[in-house]
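> sequence unknown, structure follows:
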């Protein structure tokens, strides 16, 4: 946790492993009145609109990685990067600095406007990308491994082995949890999750930075 005495808006990161339900928690925070940014969407927009980024990706993965309409073939790229960590690192080196730069700009803007007590940023890579210092608090959304497997299998139509591979490719759950300021256990029904998210939202919005 990094507290900044001059800020009126708390910057809160929400993260968690695949299938944990972090996007659902972000949706709840937004319904309560927080402003929410999604780094995946920010990265998507940058790749789809920045010719310089597209050119660098083409140099690594080839021009065919982009569809005829100019958009990235994300399914194919995900397959490439999942099986090649060095390739993934190269693409991240292109995209992550641009996303972080945009994120810093949005944080400055939110603080200067001050129209929301919370700016919530969803990202699966808060710890991997070393951007933890941008946030006042980090919330980790978590669920038991078996429950996450069931959720992902149902959502994406993946086999159990494929889901396990995706989970294993991410930072271990115990490591993520050890770095959290707050943990939301998403193991019950939607009503329970909403109550947990509302409680934490109320706690955060009543905080004052001195």
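Happy to help now that I have it. Note that the structure is predicted; figures quoted are calculated from it, not measured.

> got any ranges where the chain has weak pLDDT?
1-7, 208-210 (pLDDT under 70).

> where do the helices sit along it?
Ranges of helices in the chain, per DSSP state H, are 22-32, 39-49, 51-61, 74-83, 85-113, 145-156, 160-168, 173-178, 190-205.

> dump the residue contacts of the closest residue to residue 196 other than its chain neighbours.
Distance criterion CB to CB, 6 or more residues apart in numbering; nearest residue to residue 196, sequence neighbours excluded, is residue 184 at 5.2 Å. The way it works is simple: take the backbone N, C-alpha and C, and place the C-beta from them, glycine included. When contacts are counted by CB atoms under 8 Å, 6 or more residues apart in numbering, residue 184 touches 25, 139, 140, 141, 142, 193, 196, 197, 200.

> correct me if wrong: residue 205 contacts residue 117.
Yes - if you go by CB atoms under 8 Å, residue 205 and residue 117 touch, sitting 4.5 Å apart.

> these two: which is more packed in?
residue 117 (17 against 14; other CB atoms under 10 Å).

> how close does the more buried one get to residue 207?
Look at residue 117 and residue 207: by CB to CB, to the nearest Å, they are 9 Å apart.

> mutual contacts of the two, please.
Joint contacts of residue 117 and residue 207 (CB under 8 Å, 6+ apart) are residue 10.

> find the nearest non-adjacent residue to the most centrally placed residue in the chain, please.
Against the mean C-alpha coordinate of the chain, by CA atoms, centre = their mean, the closest residue is residue 123 at 1.3 Å. Nearest residue to residue 123 in three dimensions, chain neighbours excluded: residue 39, at 4.1 Å (CB to CB, 6+ apart).
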